[in-house]
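Q: here's my sequence, what's the structure:
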Amino acid sequence: MIAIEHIHPMLVHFPIVLLTIALLINAGNVFFHHGNLAQGQCLSRIGLVALLGGVLFAILAAVFGDIALDIALDKGFDDGPLEEHEHLAAATIALFCLLAIIQIFAIWRSISLAGNRGKVFVTIMAAGFLLLVATAYHGGELVYGLGVNIADIKP
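A: Sure thing, here's the model as predicted:
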């Protein structure tokens with residue numbers, strides 16, 4: 001049976017991939033197709049579905065990350081690097097949730113996300129991607145550098 005603290009590192013790949021796909025599709029739609037992210041075009045829908053899927057998987061990964069954090073602390077791992085990763089993840093999730101809410105609101109109220117608005121939206125999404133990369137890097141350092149929840153604590 002899989003240890004519960006190992007579920008988090010298995011889940012984190014889904015939001016990484018889905019949020020990256022959402023960024024690439026939305027950027028391509030805005031910058032190359034001059035599309036409107038708030039219209040029912042195929043690319044806009046795919047970008048929104050990838051964004052929503054990435055947010056949902058990020059929240060699920062965070063739930064299991066909290067469980068893994070508690071287990072790591074019980075094993076004696078230092079809470080500093082763990083909390084830094086947790087704060088980065090929370091900021092990443094909050095930003096992408098906000099972007100998803102903005103896009104859904106724009107679709108609902110027929111507010112255009114084309115032209116400069118679309119470019120600003122995608123630019124903020126790109127900043128979120130950099131935050132996502134920082135979160136993933138710190139998570140990788142926890143596992144591969146410190147051995148959190150995969151190795152015994154080193155005295």
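Q: C-alpha only now, for contacts and for neighbours.
A: Will do.
Q: average pLDDT for the longest helix belonging to the chain?
A: With DSSP state H setting the assignment, residue counts place helix 42-75 as the longest helix in the chain. Averaging pLDDT along helix 42-75 yields 96.
Q: elements contacting that helix?
A: helix 7-11, helix 13-31, helix 79-108 (3 or more Cα pairs under 8 Å, 6 or more residues apart in numbering; DSSP states H and E).
Q: and those as a markdown table, adding mean pLDDT and mean neighbour count?
A: Output for the helices and strands packed on helix 42-75, formatted as a markdown table (pLDDT from 0 to 100; neighbours: other Cα atoms under 10 Å):
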| stretch | mean pLDDT | mean neighbour count |
| --- | --- | --- |
| helix 7-11 | 95 | 16 |
| helix 13-31 | 97 | 21 |
| helix 79-108 | 97 | 17 |
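Q: for stretch 54-70, which outside residues touch it?
A: Stretch 54-70 is contacted by residues 4-9, 11-12, 14-19, 82, 89, 93, 96-97, 149 when judged by Cα atoms under 8 Å, 6 or more residues apart in numbering.
Q: same thing with stretch 88-99?
A: Leu51, Val55, Ala58, Ile59, Ala62, Phe121, Met125, Gly128, Leu131, Leu132, Ala134, Thr135.
Q: what's the most distant pair in those residues?
A: Across the contacts of stretch 88-99, no pair lies farther apart than Ala62 and Phe121, at 24.4 Å, counting by Cα to Cα.
Q: let's have the helices and strands packed on helix 42-75 in CSV, adding distance to Gly140.
A: Formatted as CSV, these follow (distance: least, Cα to Cα, whole Å):
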stretch, distance to Gly140
helix 7-11, 9
helix 13-31, 12
helix 79-108, 10
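Q: what's the closest of the ones you listed to Gln41?
A: Between these, helix 13-31 lies closest to Gln41; by Cα to Cα that is 9.6 Å.
Q: what residues does that closest one touch?
A: By Cα under 8 Å, 6+ apart, helix 13-31 touches 35-37, 43-44, 46-51, 53-58, 114-115, 118-119, 122, 125-126, 129, 132.
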